[in-house]
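Q: got a predicted structure plus its sequence, pasted below:
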There are 2 protein chains.
Amino acid sequence: MEQLKRKIAEDGTVLSDEVLKVDSFLNHQIDPELMLAVGEEFASLFQSEGITKIVTIESSGIAPAVMAGLKLGVPVIFARKRQSLTLTENLLTASVYSFTKKTESTIAISASHLSKDDKVLVIDDFLANGQAAKGLVSIIEQAGAKLSGIGIVIEKSFQSGRKELDELGIRVESLARIASLAGGKVTFLEEVRS
Amino acid sequence: MEQLKRKIAEDGTVLSDEVLKVDSFLNHQIDPELMLAVGEEFASLFQSEGITKIVTIESSGIAPAVMAGLKLGVPVIFARKRQSLTLTENLLTASVYSFTKKTESTIAISASHLSKDDKVLVIDDFLANGQAAKGLVSIIEQAGAKLSGIGIVIEKSFQSGRKELDELGIRVESLARIASLAGGKVTFLEEVRS
């Protein structure tokens, strides 16, 4: 998605060979127009799948997921990373290990919002080692719902997540695929291939 | 806002005299169409204020804030409740006490996204005791920016937050004002007055 890649190239900051900071338009400050375009792109990619629910994870997945939900005309559920007062019963949970924080955490979705009749599109801001995505996939399986695919805003293709999801036979659509952050420079996957 | 009040009456669950569960369209599962309508309402209410930034707090504030940002054509910043790897330097912070969780936490916004030239609209999902709102107001003051007002999706008018913000001379626009949750029933403020 050219508009997104341009934004990453212009406003992203490479903090290390593994960390890209996109706090100015995705992870902390959000560009609503760009999120609408991202949502439209996801909707277009998964239009024919008969999606009934979008599932994401707080917090940075919410904006792109809600725009995709608006365009597909379906509700969005965000998995919570911590306990909430009004979200206590009948939870589907998964354990997610964060390589960056080196901590294990539990993500949860209320069972009342997912059923075996749902066709689910998972959306997240980043795909790195795939831990969050696999946690969401596990929750969707527990609900007996059908996973139609995963939409990712920015994929760090040099980390293992994409490969692992491919091996599970899951359809993954990433709007920007980053081959490398080496030398403080963002290199997209297409540039490497061409 | 009639569409929102209808949704609260139909899909909200009163858990106690103080707690309203709206997990099916706002706090966990999100209704994107309703969020767009909510965003349009905020944009219409604050249209003439020359807003340059919207500030909210993760996670439930993000959807209504992004829709308002889309309609006003301005970026949205969400305050983080916990430390993030790529959000470490130059933070504006405030301490927020949660009456429901009985814990004190720190919320943070990167100073690089707010300047003294900004006119800020704060948006949040709930106004109860006003702690989160006052934390965001403190951060906006630290940045030297101008606070133009606060937009709230659901106000629990029987708690102290609205009164305290009124006393600070802050313009607060709440799309649904709840006078009482007594007897397991949602009573809106207008019904009490008329």
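A: Sure thing, it's come through. Residues are numbered from 1 along each chain as shown, chains lettered A, B, ... in the order given.
Q: quick one: residues contacting the residue nearest in space to the middle of chain A.
A: The residue lying closest to the centre of chain A (Cα atoms, centre = their mean) is A:D124, at 1.3 Å. Contact partners of A:D124, counting by Cβ atoms under 8 Å, 6 or more residues apart in numbering or on different chains, are A:56-57, A:60-61, A:132-133, A:136, A:150-153. Using the backbone N, CA and C atoms, a C-beta is placed for each residue, glycine as well.
Q: how about a cut-off of 7 Å?
A: A:56-57, A:61, A:132-133, A:152 (Cβ atoms under 7 Å, 6 or more residues apart in numbering or on different chains).
Q: near chain B, which residues of chain A are found?
A: Contacts of chain A with chain B, taken as Cβ under 7 Å from any Cβ of the partner chain, map to A:15, A:19, A:21, A:23, A:27-33, A:35-36, A:58-59, A:62-63, A:66, A:69-70, A:75-78, A:80, A:85-87, A:100-101, A:110, A:113.
Q: in the contacts of A:D124, find the pair that's most separated.
A: The span of those, defined through Cβ to Cβ, is set by A:I57 and A:I152 at 12.0 Å.
Q: so what's A:Q83 scoring on pLDDT?
A: The per-residue pLDDT reported for A:Q83 equals 59.
Q: all strands of chain A, in order?
A: A:13-14, A:20-21, A:29-30, A:53-57, A:76-79, A:91-98, A:103-110, A:119-127, A:146-156, A:172-180, A:187-188 (DSSP state E).
Q: can you put the ones you listed in TSV and add mean pLDDT?
A: As requested, those are arranged in TSV below (pLDDT from 0 to 100):
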stretch	mean pLDDT
strand A:13-14	96
strand A:20-21	96
strand A:29-30	98
strand A:53-57	98
strand A:76-79	98
strand A:91-98	91
strand A:103-110	91
strand A:119-127	98
strand A:146-156	98
strand A:172-180	98
strand A:187-188	97
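Q: who wins for proximity to B:E141 among the ones you listed?
A: Of all those, strand A:29-30 sits nearest to B:E141, with 18.8 Å by Cβ to Cβ.
Q: my read: A:F188 touches A:R177, true?
A: Yes - the pair A:F188 / A:R177 is scored as a contact, 6.3 Å apart, by Cβ atoms under 7 Å.
Q: on that earlier part again, any of the residues of chain A next to chain B buried? List them.
A: Neighbour counting by 16 or more other Cβ atoms under 10 Å in any protein chain shown classes A:21, A:23, A:27-32, A:35-36, A:58-59, A:62-63, A:66, A:69-70, A:75-78, A:80, A:86-87, A:110, A:113 among these as buried.
Q: ok, now how distant is the residue lying closest to A:L36 once chain neighbours are set aside from B:I62?
A: Computed as Cβ to Cβ, 6 or more residues apart in numbering or on different chains, the closest residue to A:L36 that is not its neighbour in sequence is A:M67, at 5.0 Å. According to Cβ to Cβ, to the nearest Å, A:M67 stands 11 Å off from B:I62.
Q: same check, this time on A:G144
A: Distance from A:G144 to B:I62, by Cβ to Cβ: 29 Å.
Q: before we move on, what about A:K163?
A: 30 Å.
Q: go on, A:L91?
A: Distance of A:L91 to B:I62, computed by Cβ to Cβ: 21 Å.
Q: equivalent analysis for A:E41, please.
A: Distance of A:E41 to B:I62, computed by Cβ to Cβ: 19 Å.
Q: contacting residues for the nearest residue to A:S174 once chain neighbours are set aside?
A: In space, and not counting its chain neighbours, A:S174 is closest to A:E155: 3.5 Å by Cβ to Cβ, 6+ apart. Contacts of A:E155 were listed using Cβ under 7 Å, 6+ apart, and they are A:127, A:162, A:174, A:176-178.
Q: what's the answer for A:S160, then?
A: Taking Cβ under 7 Å, 6+ apart, we find A:S160 in contact with A:129-130.
Q: how close does it sit to chain B?
A: Going from A:S160 to chain B by Cβ to the nearest Cβ, to the nearest Å gives 18 Å.
Q: check what pLDDT that residue gets.
A: We have a pLDDT of 97 for A:S160.
Q: now swap in the one 4 residues further on and tell me
A: Per-residue pLDDT puts A:E164 at 98.
Q: roughly how far apart are it and chain B?
A: Distance of A:E164 to chain B, computed by Cβ to the nearest Cβ: 21 Å.
Q: quick one: contacts for that residue?
A: A:G130.
Q: please report how far it lies from A:A128.
A: Taken as Cβ to Cβ, the spacing of A:E164 relative to A:A128 amounts to 11 Å.
Q: ditto for A:R6
A: As judged by Cβ to Cβ, A:R6 and A:A128 stand 22 Å apart.
Q: comparing the two, which residue is more hemmed in?
A: Using other Cβ atoms under 10 Å in any protein chain shown, the more surrounded residue of A:R6 and A:A128 is A:A128, with 25 against 12.
Q: does that one touch A:Q159 like I think?
A: Yes - if you go by Cβ under 7 Å, A:A128 and A:Q159 touch, sitting 4.6 Å apart.
Q: who's in contact with the longest helix belonging to chain A?
A: If you go by DSSP state H, chain A has its longest helix at helix A:32-45. Residues outside helix A:32-45 that contact it (Cβ under 7 Å, 6+ apart) are A:1, A:3-4, A:7, A:25, A:63-64, A:67-68, A:70-72, A:123, A:151, A:153, A:173, A:175, B:66, B:69-70, B:76.
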